[in-house]
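Enquirer: return a 3D structure for these sequence lines:
(2 chains)
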There are 2 protein chains.
Amino acid sequence: MSVNFQRRVWPNGPIALVLANPTTDVVAGRLFVVGGSRCDGERPGIGQLLAAVLTRGTTTANAREIADAVESLGAGLGTEVQPDYFLVRFKGVSADWPALLRLAGDLVQWPTFPATEVELERRLLLEAVQQRQTQPFAAAWDALRPHLYGAHPYGQPELGTAEAIAALSRAEVQDHYRRWFQPDRLIVALAGRLEPEAVWAQIDQQFGDWRGTAPPFPLPARRFRPADAWVDHGHPQNWVLWGWPAPAIAQADAIPFHLLSVGLGDGPSSRLFVELREKRGLAYDVAATFPWRAAGSHLLAYASTAPADTETTSTVLAQEIERWQTEPLPEWEWQMLQSKVLGQHALRCQTNGQWAQALGWREAMGLPLPWDRQFAQAIQEATPQDVQRVAQTYLRQGSRAIAGSR
Amino acid sequence: MSVNFQRRVWPNGPIALVLANPTTDVVAGRLFVVGGSRCDGERPGIGQLLAAVLTRGTTTANAREIADAVESLGAGLGTEVQPDYFLVRFKGVSADWPALLRLAGDLVQWPTFPATEVELERRLLLEAVQQRQTQPFAAAWDALRPHLYGAHPYGQPELGTAEAIAALSRAEVQDHYRRWFQPDRLIVALAGRLEPEAVWAQIDQQFGDWRGTAPPFPLPARRFRPADAWVDHGHPQNWVLWGWPAPAIAQADAIPFHLLSVGLGDGPSSRLFVELREKRGLAYDVAATFPWRAAGSHLLAYASTAPADTETTSTVLAQEIERWQTEPLPEWEWQMLQSKVLGQHALRCQTNGQWAQALGWREAMGLPLPWDRQFAQAIQEATPQDVQRVAQTYLRQGSRAIAGSR
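Expert: Residues are numbered from 1 along each chain as shown, chains lettered A, B, ... in the order given. Purely as a prediction, here's the structure:
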C-alpha cells in the first residue's frame, strides 16, 4: 500500500487507522475484534451467533431502531465472524461517518443480547446449518477439514454444529462476548473523506474509558491426518476435494505458497482449470484456495464432475499436485504467474470499503506496517525454485473427501 | 450521475462513453451488445452458450492465448449474457487499456467458435443447468416464471433448457452470433485514467469499418396467468415464491415501483424482513426483487421456511402485499425509504467497473442521457400515494410457486 494512512494506538488497547481519500463522497469503516470463530472452543457456532445478535440491541437502541437508523441514512451496516476476527462493517456518505462509527462502536461495546432476539437468531442459524448440509461442496468440506486440522480450532465447521447451536444459551453467548470483546483486541479502520484528528477525537470519546484484557487464544497443536472420506449425497455431480496443510500468513513460506495456489487453481490460466476443464472437459467448477490465516492454513483443491469421471478427476488433480514438486515452473508460465499476482494485488483496493478492510486486516493479523509493500517485493523476488520447495514441504501427502453418488 | 463523461456515436452504429477518472490506476471497460437472452427464441440457452464461447477463440488467438494474454497483464476479462444484453467486461492497470480493449473488441467482432470449444462449453452448460435444478429456489422460480410472462422471452429459464442445449449445434451458435452481434447494437463504456481522444481513435480503428444491422427484437405479447404451482423438492426448507407483473425501467411507474420493492423486501428494515423474520421468526432468507429491464419486468417476493410454516408464511407474505394497496406508507417509514433509495443510488458507483457498467447500461436500456439525475429527482418527488397507486395497478393478483415437501 503506497497510500498514506495514519495510525494511532490508545493506552487501553484500541488501534485506529485512517486513510484520507477525498475522491469519493463515501466513508467506509471496519471494526475488527481480533478473535473470531477460533475462540469457539467446545461450542462450535457460538461466534456466529454472537456476531448475528450484536445488531439486535444495545443499551441505547433496540434491533428495529438500529436497522432504521442505518437505513434512514441510506447507509449499510453489518456484522460477521471470520476464523481470526469478529467484524462490524459500515459505509455511508461522508457526512454521516460520526453517526455510523458511534452506532458500530455501540454494537461492539454495549450489546444487550435481548433474550427473544438471541432465540430468534439461534433458530435462524440452525436453519442455515441445515441448509448448508444440503450442499455437496459443504458436505465434503466438513468431512475433510477435521483431517487437515485435528483439534485445532480451524478444524470446526464454519457455521458451527447443529448439536452445539441447539444447546446454546443466552448466558453462554454473553459470557463469550465478555471474554473476547475487550479493548486490547479492537482495531478501527476508516477510509474516505476524513480528517484523522476528528476520528481520533471520537475514538477517544467512544473507547477511551473502556478497560479490560482478553485471554490468550486457545491453540491446540495442529495434527494432519492423511485420510480418504466419502459422503453420500444425492446430487447429479460429485465433488472431489483434496486438502493439505499450509503456512500461516506471517510465515515467509506464505509468499511462494500463495504463488503456488494461484498458479494451481485461480482463474482460466491455472493448471487445474486448463487440465481438468479445458483439455479434458472433466469438471465444471474447479479451483484451489489458500486462505490467509493467523495460525496456520490449508490448501484446498476441488472439482465437480460426473459420477463416472470421479476417479479420473481425482487422479489428474493429484498428478497436478505432484508436478509442482517434481518440476519448477517453466519461465513463460512463471512470468505470467508473477504478473497475475502483482496485478491482483494492485487491483484489490478500489473502494474505501476495500481500503478499510485491508488496513484493519493487516493489523488484525499482526503483520508489520509495510506488509503490503513487502508482499509485492517478495512476489517479485520469489523464484520457481521457492515454489517447488514449498510444494515439496507441504504437499507430500494430502487428504481427500468426495461427496456424491458412487 | 453528476460526473463528467463524454459520449460519441459512430455513423455505422457503435456508441462509446468515457469517464475520465484519474484517481486510481485502474481502467475498467464494458462492451454491451444490446440483445441478450431475450433473443434466444426457440433455443433457450443459445445466448448463454454464445457468451461462453466468445472467449474460446478469435481469428488471431486461441482460447489459451486469450487467457494467457489477460493473465500476463494481471488483468481480468469475462463475458456474460443478461436478458437485455450480451456483455464483455475487463479491468486492468491504466497502461494496459489499449491491449484490453483490443482483446475485448476481438471477442465481439472476430470470434471463431472452434468446434471442440463449442462442444466443451455446451457440455459444461448442460451440467450447470442440471446443478441449477437441484436448488429449490431455482426450481420454484422456473415453475413460476412462465406464468408471469407467457410466451414473452423473459419467461425462459435463465440458463436455458437441457433439451434445447442438448440439441444446439455450432452452426446455430454461429448464425445466432451473426444475426445479433452487429455494430448498431454495440456500446463501449470505459472508466479510468483515460484520454477520451485516445479511446475514440482506437474505437475508430477497431470498429469503424464494421458494417451491418441487427433485426428488431422478437416481442410476443406478454400474458400473465394467475397460478399456484408446486414442485416436489427434497430440501429441509420450503421455498415460497410470489410473482407479479411490473413495469419496464423506462416507464414512469418504474420509480414508485422501485420504491415499493425496496420497502417491501430489501434489507433489515423492509416489511417482509420485519414481519416474516423479525416478528415471527418464520423465514431465514426473505426478500423481494424488481429487476430493471427493457421490455417489462416482474416483482418477485420470496421466503424460505420450515415445511410446517409454509402456508402461514405464504399468507403473511400475501397480506403484506395487500397492505401496500390499502394504506399509504406512514410518514416516518416513507422518509426512511426515500433516504435509503437515494443513499443506495449515491453509493452504487465506487469503482471504475461500476461506473463503466452504469454508463453502458443506461445507453443499452435506451434511457435518456440525464437519466441518473432524473432518477434521483423522481425519487425525491414521489409520494406515498404514487406507491399505493402502482401497488393497486400491478399487484391485484399474483402467482405463486412453492418448492419443497408437503
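
Enquirer: for the rest of this, base every contact and every neighbour count on C-alpha atoms.
Expert: Will do.

Enquirer: ok, residue A:326 touching residue A:388?
Expert: Yes: when contacts are counted by CA atoms under 8 Å, residue A:326 is listed as touching residue A:388 (7.4 Å).

Enquirer: looking at the two, which one has more neighbours?
Expert: Looking at residue A:326 and residue A:388 with other CA atoms under 10 Å in any protein chain shown, you find the greater number of neighbours at residue A:388, namely 20 against 12.

Enquirer: now do that one, the pLDDT please.
Expert: On pLDDT, residue A:388 comes in at 98.

Enquirer: isn't there a helix covering it?
Expert: Yes: when the secondary structure is assigned by DSSP: H, G, I helix; E, B strand; the rest coil, residue A:388 falls within a helix.

Enquirer: show me what contacts it?
Expert: With contact set as CA atoms under 8 Å, 6 or more residues apart in numbering or on different chains, residue A:388 has these partners: A:324-328.

Enquirer: PyMOL command to pick out the buried ones of the residues you listed?
Expert: Below is the selection syntax for PyMOL that covers the buried ones among the contacts of residue A:388, with 16 or more other CA atoms under 10 Å in any protein chain shown defining burial:
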select buried, chain A and resi 324+325+328
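
Enquirer: and the residue nearest to the spatial centre of chain A, how far from chain B?
Expert: Closest residue to the average C-alpha location of chain A: residue A:82 at 5.0 Å, with CA atoms, centre = their mean. Taking CA to the nearest CA, to the nearest Å as the criterion, residue A:82 is separated from chain B by 21 Å.

Enquirer: what number of residues lie near the nearest residue to that residue once chain neighbours are set aside?
Expert: In this structure, residue A:82 finds its nearest non-sequential neighbour in residue A:36, 5.4 Å apart by CA to CA, 6 or more residues apart in numbering or on different chains. Per other CA under 10 Å, the neighbour tally for residue A:36 reads 23.

Enquirer: could you give the backbone dihedrals for residue A:36?
Expert: phi 80, psi -160 (degrees, to the nearest 10).

Enquirer: and the residue nearest to residue A:348 when sequence neighbours are not counted, what helix or strand is that in?
Expert: Once flanking residues are discounted, residue A:348 sits nearest to residue A:354: 7.3 Å by CA to CA, 6+ apart. Element membership of residue A:354, judged by DSSP states H and E, is helix A:352-364.

Enquirer: repeat for residue A:202
Expert: Using DSSP H and E, residue A:202 sits within helix A:196-207.

Enquirer: using the three-state scheme, assign the nearest residue to residue A:184 once chain neighbours are set aside.
Expert: The shortest distance from residue A:184 to any residue other than its chain neighbours is 3.8 Å, reached at residue A:13 (CA to CA, 6+ apart). Recorded secondary structure, residue A:13: coil (three-state DSSP).

Enquirer: what's the answer for residue A:6, then?
Expert: strand.

Enquirer: and it, bridged to which residues?
Expert: For residue A:6, the beta-bridge assignment (DSSP bridges) gives partners residue A:18.

Enquirer: for the helix holding residue A:354, list the C-alpha coordinates in CSV.
Expert: The C-alpha coordinates for helix A:352-364 follow below in CSV (Å, rounded to 0.1, in the frame of the first residue of the first chain):
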residue,chain,number,x,y,z
ASN,A,352,-13.0,2.8,0.6
GLY,A,353,-14.5,-0.4,2.0
GLN,A,354,-11.7,-2.4,0.5
TRP,A,355,-9.1,0.0,1.8
ALA,A,356,-10.6,-0.1,5.4
GLN,A,357,-10.7,-3.9,5.2
ALA,A,358,-7.1,-4.1,4.0
LEU,A,359,-5.7,-1.7,6.6
GLY,A,360,-7.6,-3.3,9.5
TRP,A,361,-6.9,-6.9,8.4
ARG,A,362,-3.1,-6.3,8.3
GLU,A,363,-3.3,-5.0,11.8
ALA,A,364,-5.6,-7.8,13.0
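
Enquirer: what residues sit buried inside that helix?
Expert: Buried residues in helix A:352-364, counting neighbours by 16+ other CA under 10 Å, are found at A:352-361, A:363-364.

Enquirer: now do stretch A:381-401
Expert: With the criterion 16+ other CA under 10 Å, stretch A:381-401 contains buried residues A:383-384, A:386-392, A:394-395, A:397-401.

Enquirer: now do the same end-to-end measure for it.
Expert: End-to-end distance of stretch A:381-401 (CA to CA, to the nearest Å): 36 Å.

Enquirer: now do stretch A:203-215
Expert: Using CA to CA, the gap from the first to the last residue of stretch A:203-215 comes to 23 Å.

Enquirer: could I get the average pLDDT for it?
Expert: What stretch A:203-215 shows for mean pLDDT is 97.

Enquirer: narrow the contacts of residue A:388 to those in helices?
Expert: Using DSSP state H, the subset of those located in helices is A:324-326.

Enquirer: looking at those residues, which is nearest residue B:249?
Expert: Of all the ones in helices among the contacts of residue A:388, residue B:249 sits closest to residue A:324, with 52.0 Å by CA to CA.

Enquirer: what about the closest one, distance to residue B:117?
Expert: From residue A:324 over to residue B:117 (counting by CA to CA), the distance is 27 Å.

Enquirer: do residue A:86 as well
Expert: Counting by CA to CA - residue A:86 and residue B:117 are separated by 45 Å.

Enquirer: so which bits of stretch A:121-132 are buried?
Expert: A:121-130.

Enquirer: domain boundaries for chain A, per the record?
Expert: As assigned by automatic domain parsing, chain A contains the domains A:5-207, A:228-404.

Enquirer: turn the ones you listed into JSON lines, including distance to residue B:263.
Expert: Output for the domains of chain A, formatted as JSON lines (distance: least, CA to CA, whole Å):
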{"stretch": "domain A:5-207", "distance to residue B:263": "11"}
{"stretch": "domain A:228-404", "distance to residue B:263": "25"}
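
Enquirer: closest one to residue B:280 among these?
Expert: Put simply, out of these the one that sits nearest residue B:280 is domain A:5-207, at 8.8 Å, with distance taken as CA to CA.

Enquirer: end-to-end on that closest one?
Expert: End-to-end distance of domain A:5-207: 21 Å, with CA to CA as the criterion.

Enquirer: hmm, back to that, quick one: which of the buried residues of stretch A:121-132 is nearest to residue B:216?
Expert: Closest to residue B:216 out of those is residue A:128 (45.9 Å), distances taken as CA to CA.

Enquirer: next SSE downstream of the helix or strand hosting that closest one?
Expert: Residue A:128 is located in helix A:115-133, with elements delineated by DSSP H and E. Going down the chain from helix A:115-133, the next helix or strand is helix A:136-149, by DSSP H and E.

Enquirer: which parts of the stretch 251-400 of chain A are strands?
Expert: In the stretch 251-400 of chain A, the segments counted as strands under DSSP state E, counting those that start in this stretch are A:283-289, A:297-305, A:399-404.

Enquirer: distance to chain B and mean pLDDT added to these, as CSV?
Expert: Formatted as CSV, these follow (distance: least, CA to the nearest CA, whole Å; pLDDT from 0 to 100):
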stretch, distance to chain B, mean pLDDT
strand A:283-289, 6, 92
strand A:297-305, 9, 96
strand A:399-404, 13, 96
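
Enquirer: thank you, goodbye.
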